[in-house]
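Trainee: Generate a structure from the sequence data that follows.
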Amino acid sequence: MTRRVTTVILSLGAALIAGCGFHLEGHTALPAVMSHPYIEAPDQQSDFVQSLRRDLLISGAHPAGMATRASAVIEILGDEVTSRVLSVSATNQPTEYQVIYSVRFSVSAAGKTLLAPQALSTSRSYTFDESLLLAKEHEKAILRGAMGRDLAQIVMRRLASL
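Mentor: Numbering: from 1, shown residues only. Presented below is the predicted three-dimensional model:
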């Protein structure tokens with residue numbers, strides 16, 4: 001009896017999840033125009049560009065090696081990470097920083113602009129202790145990578161809406 005009830009509950013749960021449009025994180029259905037995109041960026045190794053390339057692959061796109069062979073061109077107009085001091089100690093030493101990751105991009109295909117230049121940014125803050133300098137630099141690098149992934153996910157959602 002309990003096994004039958006459990007089976008019914010699991011079946012209903014699966015039906016509800018399937019009916020609400022649930023899909024696994026990281027997989028974004030892309031339109032046909034994004035089947036072979038080319039990413040044109042000044043820094044091909046930035047956290048954002050690497051995350052965007054990975055997300056395109058996960059979504060079934062096959063990034064082109066050259067713009068002439070691409071179905072669409074994703075042009076990265078800006079990709080920068082900046083920091084600013086949020087707070088200082090009584091001895092005027094920084095105790096908290098804010099890291100800001102900003103990206104500008106546009107998308108075109110066959111000479112048409114599909115997405116006009118758009119700006120995105122995200123920020124995170126972290127505490128700073130000079131005695132833990134190496135650990136704090138590592139924390140900053142981890143934050144930068146996470147922000148690059150977040151921005152790439154936002155771009156993927158915009159590409160899916162084309």
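Trainee: Tell me the helix or strand right after the helix or strand encompassing Gln50.
Mentor: Using DSSP states H and E, Gln50 maps to helix 47-58. From helix 47-58 onward toward the C-terminus, using DSSP H and E, the following helix or strand is strand 72-88.
Trainee: What strands line up against that next one, and which way round?
Mentor: The sheet places strand 72-88 alongside strand 37-40 (parallel), strand 94-109 (antiparallel), with pairing taken from DSSP bridges.
Trainee: tell me the most buried of those strands?
Mentor: When the strands paired with strand 72-88 are scored by mean count of other CB atoms under 10 Å, the highest mean neighbour count falls to strand 37-40 (a mean of 20). Bear in mind the C-beta positions are built from the backbone N, C-alpha and C, glycine included.
Trainee: which residues are in contact with that one?
Mentor: 49, 52-53, 56, 61, 63-67, 69-76 (CB atoms under 8 Å, 6 or more residues apart in numbering).
Trainee: switch to 10 Å and redo it
Mentor: For strand 37-40, the surrounding residues in contact (CB atoms under 10 Å, 6 or more residues apart in numbering) are 30, 48-50, 52-53, 56, 61-77, 105-109, 159.
Trainee: Report the separation between the nearest residue to Arg84 once chain neighbours are set aside and Gly13.
Mentor: Taking CB to CB, 6 or more residues apart in numbering as the measure, Arg84 lies nearest to Gln98, with 5.3 Å between them; neighbours along the chain are not counted. Summarising the geometry, the distance separating Gln98 from Gly13, computed by CB to CB, to the nearest Å, is 41 Å.
Trainee: re earlier: mind putting the strands paired with strand 72-88 in JSON lines, mean pLDDT included?
Mentor: JSON lines is the format used below for these (pLDDT from 0 to 100):
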{"stretch": "strand 37-40", "mean pLDDT": "95"}
{"stretch": "strand 94-109", "mean pLDDT": "93"}
